[in-house]
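Asks: Quick one, structure for this:
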Amino acid sequence: MRFLFAALLMGCLGTAQPLFAQGYANEWSVRYSLQRAHASSSNDVFTMQGSGMDFAQSIARLHPHLRLALVLDASGETASEIRNAGFGLSTFSLSAGPRISYRPGSSTLFVQGLVGWAHGFNSRFPLANNQMESSADSLQAVAGGGLEFPLHGRLLLRLPQIEYLYTGLPNNASNRQNSLRVSAGLAIRFHPRH
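Replies: Below is the predicted model of the structure:
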């Protein structure tokens, strides 16, 4: 799983590198996030807090106001205690995928779909032989979008960013997690030099 994600990441970076020379814009962002997650029972909902950062490299203009970008995202969330479980959970994830942005004026609306790797740790993950591990890995899928508003110069306010997250960490039940993440943060956009 890690090897596959590393290959995907290298492929995205290899594709993005020549685009800098072609005059496409890129963007860096940082964010604070709240995530509503489910434990093994769908009634056991708990909140995780964290932060993340992403890099978006524009690769094509689909329409005068519509752009396609490649996104690389890293994020981490933690909860000191999972409800009714007696232990906590921390996660770190890396994901990549396409973003479509609509920018009719100074503000931007975007949607994106990312896939990658999630690592859960500082918790308890069941194994097939009734043993427990403190960490586990899983595929992750992320779908969502957000709004960006100009603040000053190249600086943008991203508020809100709302995403659905799917992971498959072991949990003694379905081994699936469906979560909702809401984020806010700042982005800086770099336009090409002409």
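
Asks: drop to CA atoms for contacts and neighbour counts, all remaining ones
Replies: Fine.

Asks: What ranges does the chain have for its helices?
Replies: For the chain, applying DSSP state H gives helices covering 2-20.

Asks: count of neighbours near the nearest residue to A25 once chain neighbours are set aside?
Replies: Nearest residue to A25 in three dimensions, chain neighbours excluded: H191, at 4.5 Å (C-alpha to C-alpha, 6 or more residues apart in numbering). Neighbourhood size, H191 [other C-alpha atoms under 10 Å]: 13.

Asks: Verify the stated contact: H191 with N26.
Replies: Yes: between H191 and N26 there is a contact at 6.7 Å, judged by C-alpha atoms under 8 Å.

Asks: I'd like the distance between the residue nearest to A25 and F55.
Replies: With the distance defined as C-alpha to C-alpha, to the nearest Å, H191 ends up 14 Å from F55.

Asks: Over to R31?
Replies: 12 Å.

Asks: swap in H119?
Replies: 20 Å.

Asks: Is the nearest residue in space to Y102 that is not next to it in sequence bridged to anything, and to what?
Replies: With sequence-adjacent residues excluded and distances taken as C-alpha to C-alpha, 6+ apart, Y102 is closest to L66, at 4.7 Å. According to DSSP bridges, the partner residues bridging L66 are H63, Y102.

Asks: just the one 5 residues further on next, same as before
Replies: Applying DSSP bridges to V71 gives these bridge partners: A56, G97.

Asks: Can you give me every residue that contacts it?
Replies: D54, F55, A56, Q57, A96, G97, P98, R99, L114 (C-alpha atoms under 8 Å, 6 or more residues apart in numbering).

Asks: looking at it, the fourth one is touching Y24, isn't it?
Replies: Yes: Q57 is in contact with Y24 according to C-alpha under 8 Å; the separation is 7.4 Å.

Asks: Looking at the two, which one has more neighbours?
Replies: Q57 (26 against 20).
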